[in-house]
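Participant: No sequence on hand, only this structure:
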């Protein structure tokens with residue numbers, strides 16, 4: 001039996017070495033901005049692990065009160081990596097804001113600023129050329145109050161989710177929804193390229209899904225096809241309260257909530 005276990009271990013090591021990466025679970029155990037066990041460290045480790053295998057970030061913050069489950073950021077988080085799931089529903093404790101979210105992310109308003117390296121087109125969770133990304137059970141709030149020291153005109157438009165050239169994106173699921181409470185911009189997903197104002201599809205199947213999520217701000221999904229917002233079952237429904245909901249695709253989508261919005265494709 002011992003010899004068999006050693007042989008199995010060697011096989012697993014060979015698989016990892018041959019692909020250079022192994023799937024990993026990164027645990028967030030600290031609600032501090034940076035350091036061991038923080039969300040920032042987990043995102044950095046996932047990025048360093050490569051994108052050949054799926055990684056997952058789970059939460060085991062000590063304490064179940066709201067303060068213990070609130071992560072306060074002093075600066076932008078690292079860019080997202082491919083094949084990554086951030087699952088706030090793994091955290092113990094009650095949900096926030098009548099949502100499914102179990103963790104909350106807010107800025108340190110004395111430290112988190114918009115400057116020359118943090119432009120208007122950014123997000124709390126930010127990915128460029130990002131594929132196979134999912135996020136569950138996460139509340140994002142107060143980023144529409146960060147300081148704009150670069151004196152950009154108009155709104156800062158710092159989205160909760162900002163993804164460019166993206167495919168296979170899942171934002172929430174029944175029982176694992178998110179809450180994006182800022183009133184400026186909540187979700188921006190762009191699976192395509194723009195060429196002089198013309199959409200150029202990048203992927204045959206984009207697979208963009210938003211379910212069981214509360215969004216107070218803009219929801220912009222500029223997909224060419226395969227977009228699902230909500231679903232037939234009420235548990236898949238979103239509560240979208242933004243002044244502008246813009247979703248494109250080659251099929252109809254659902255938007256469910258206390259203020260029902262039916263968004264037609266096209």
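Facilitator: Happy to help now that I have it. All of these numbers come straight from a predicted model, not from anything done at the bench.
Participant: State whether residue 99 is indeed within a helix.
Facilitator: No - if the criterion is DSSP: H, G, I helix; E, B strand; the rest coil, then residue 99 is coil and not within a helix.
Participant: So it sits against residue 176, correct?
Facilitator: No - counting by Cβ atoms under 8 Å, residue 99 sits too far from residue 176 to count as a contact (10.1 Å). The way it works is simple: take the backbone N, C-alpha and C, and place the C-beta from them, glycine included.
Participant: what's the helix or strand where residue 189 lies in contact with?
Facilitator: In the assignment (DSSP states H and E), residue 189 maps to strand 185-190. By Cβ atoms under 8 Å, 6 or more residues apart in numbering, the surrounding residues in contact with strand 185-190 are 123, 155, 157-166, 169, 171, 180, 208, 210, 213, 215-223, 242.
Participant: Strand partners (parallel or antiparallel) of it?
Facilitator: Sheet pairing of strand 185-190 (DSSP bridges) gives strand 158-164 (parallel), strand 218-222 (parallel).
Participant: Mean pLDDT, distance to residue 51 and mean neighbour count for these - can I get that in TSV?
Facilitator: Putting those into TSV (pLDDT from 0 to 100; distance: least, Cβ to Cβ, whole Å; neighbours: other Cβ atoms under 10 Å) gives the following:
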stretch	mean pLDDT	distance to residue 51	mean neighbour count
strand 158-164	91	14	26
strand 218-222	83	23	23
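Participant: in the strand holding residue 189, what's buried?
Facilitator: 185, 186, 187, 188, 189, 190 (16 or more other Cβ atoms under 10 Å).
Participant: can you pull the contacts of residue 70?
Facilitator: By Cβ under 8 Å, 6+ apart, the residues touching residue 70 are 31, 103, 104, 105, 106.
Participant: Name the member of those residues with the most neighbours.
Facilitator: Using other Cβ atoms under 10 Å as the neighbour test, those are led by residue 103, with 26 neighbours.
Participant: Run through the bridge partners of that one.
Facilitator: Counting by DSSP bridges, residue 103 forms beta bridges with residue 138.
Participant: distance of it from residue 190?
Facilitator: To residue 190, residue 103 is 26 Å away according to Cβ to Cβ, to the nearest Å.
Participant: What segments of this protein are helices?
Facilitator: 2-19, 39-48 (DSSP state H).
Participant: what helices or strands is the last one leaning on?
Facilitator: Looking back up the chat, that one is helix 39-48. Counting contacts by 3 or more Cβ pairs under 8 Å, 6 or more residues apart in numbering; DSSP states H and E, helix 39-48 packs against strand 25-28, strand 55-59.
Participant: tilt between that helix and strand 55-59?
Facilitator: Here the directions of helix 39-48 and strand 55-59 differ by 170 degrees (axes from the mean of the first three to the mean of the last three Cα atoms, to 10 degrees).
Participant: Buried residues in helix 39-48, which are they?
Facilitator: Buried-residue list, helix 39-48, by 16+ other Cβ under 10 Å: 39, 40, 41, 42, 43, 44, 46, 47.
Participant: related to what we said a few turns ago, got the contacts of residue 70 as a markdown table, with pLDDT columns?
Facilitator: As requested, those are exported to a markdown table (pLDDT from 0 to 100):
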| residue | pLDDT |
| --- | --- |
| 31 | 98 |
| 103 | 98 |
| 104 | 98 |
| 105 | 98 |
| 106 | 96 |
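Participant: Which member of the residues you listed is positioned nearest residue 235?
Facilitator: residue 103 (20.7 Å; Cβ to Cβ).
Participant: okay but that closest one is in contact with residue 60, surely?
Facilitator: No - Residue 103 lies out of contact with residue 60 (Cβ under 8 Å); the separation is 10.7 Å.
Participant: Mutual contacts of the two, please.
Facilitator: Common neighbours of residue 103 and residue 60 (Cβ under 8 Å, 6+ apart) are residue 91.
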